[in-house]
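[1] Task: produce atomic coordinates for the following.
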Amino acid sequence: MIETQTTTYLIVGLGNPGKAYRHTRHNAGFMLLDLIAEDLNLTFSRQQAHALFTDGLFEGNKVILAKPQTYMNASGRSVGLLAHFYRIVPSNLLVIVDDIDLPLGSMKLLPAGGSAGHNGMRSIINHLGTQEFPRLRIGIGRPPGRMEAADYVLLDFKPGELPVLEDTLNRAHHCLRLFLQEGILAAMNSCNAPIT
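    All right, here's what the predicted structure looks like:
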């Protein structure tokens, strides 16, 4: 009998810990990981490297789902430790991050890139020493008027936005399935297509 080799992926959702931040725009990464964990019947009951995490099989691959508990701007500390401990190569790390430059209801999967002004991503890039890792950007929209981005990302989603957010998270969940099944390019072709 031939044994198939499974690949281990580290999927990190960015956010801030604590109930006060649970429904904020900055926690879109945590929200998507919660959806995936629920689908896989997993719970974030373990703690390591300043992160709540769980692991299991997702689309035939071993996945480690991690929610850094360091607060957003220090996320790299946790991600760097986890990537080192589990010997994760950059191409097998996927970071889920909120993005104010994308409208609510949109998402974008990228194979690599800079921080786009996101402090959590900047921290991860600094700790890993590379920006050559995939990321899934979840659109949260731009701040209204003259509101500072730092204040806007800490606001809860409005009740009228929740159906759009739920749809986006479900599509992002499907996108991650494609990423694990068929690779980054196939997932990008599907997930980055305009919504019709």
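
[2] Look up the closest residue to the residue nearest to the spatial centre of the chain, ignoring the ones flanking it.
    In the chain, the centroid-proximal residue (C-alpha atoms, centre = their mean) is residue 96; its distance is 1.5 Å. With C-beta to C-beta, 6 or more residues apart in numbering as the criterion, residue 96 has its nearest non-adjacent residue at 4.0 Å, and that residue is residue 29. For glycine as for every other residue, the C-beta is placed from the backbone atoms N, C-alpha and C.

[3] now that neighbour: how far from residue 160?
    When distance is defined by C-beta to C-beta, to the nearest Å, residue 29 is 22 Å away from residue 160.

[4] Among those two, which residue is more densely surrounded?
    When residue 29 and residue 160 are compared for neighbours, residue 29 comes out ahead with 27 against 7, by other C-beta atoms under 10 Å.

[5] ok, the more buried one - contacts?
    Contact analysis of residue 29 by C-beta atoms under 8 Å, 6 or more residues apart in numbering lists 12, 13, 14, 15, 67, 95, 96, 97, 98, 138.

[6] a markdown table for those residues, including pLDDT and secondary structure?
    Formatted as a markdown table, those follow (pLDDT from 0 to 100; DSSP: H, G, I helix; E, B strand; the rest coil):
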| residue | pLDDT | secondary structure |
| --- | --- | --- |
| 12 | 99 | strand |
| 13 | 99 | strand |
| 14 | 98 | coil |
| 15 | 98 | coil |
| 67 | 99 | strand |
| 95 | 99 | strand |
| 96 | 99 | strand |
| 97 | 98 | strand |
| 98 | 98 | strand |
| 138 | 98 | strand |
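
[7] farthest-separated two in the residues you listed?
    Pairwise distances among those were taken by C-beta to C-beta; the largest, 14.6 Å, belongs to 67 and 138.

[8] Quick check: beta-bridge partners of residue 54?
    residue 65 (DSSP bridges).

[9] Need the pLDDT of it.
    pLDDT for residue 54: 98.

[10] Quick one: the helices in this protein, in order.
    Per DSSP state H, the chain carries helices over the ranges 28-39, 75-85, 119-128, 149-152, 162-182, 184-191.

[11] Of all those helices, which one is nearest residue 58?
    It's helix 162-182; of those, that one is closest to residue 58 (C-beta to C-beta) at 6.0 Å.

[12] Show me which residues of that closest one are buried.
    Under the neighbour-count criterion of 16 or more other C-beta atoms under 10 Å, helix 162-182 has 164, 165, 168, 169, 171, 172, 175, 176, 178, 179, 180 buried.
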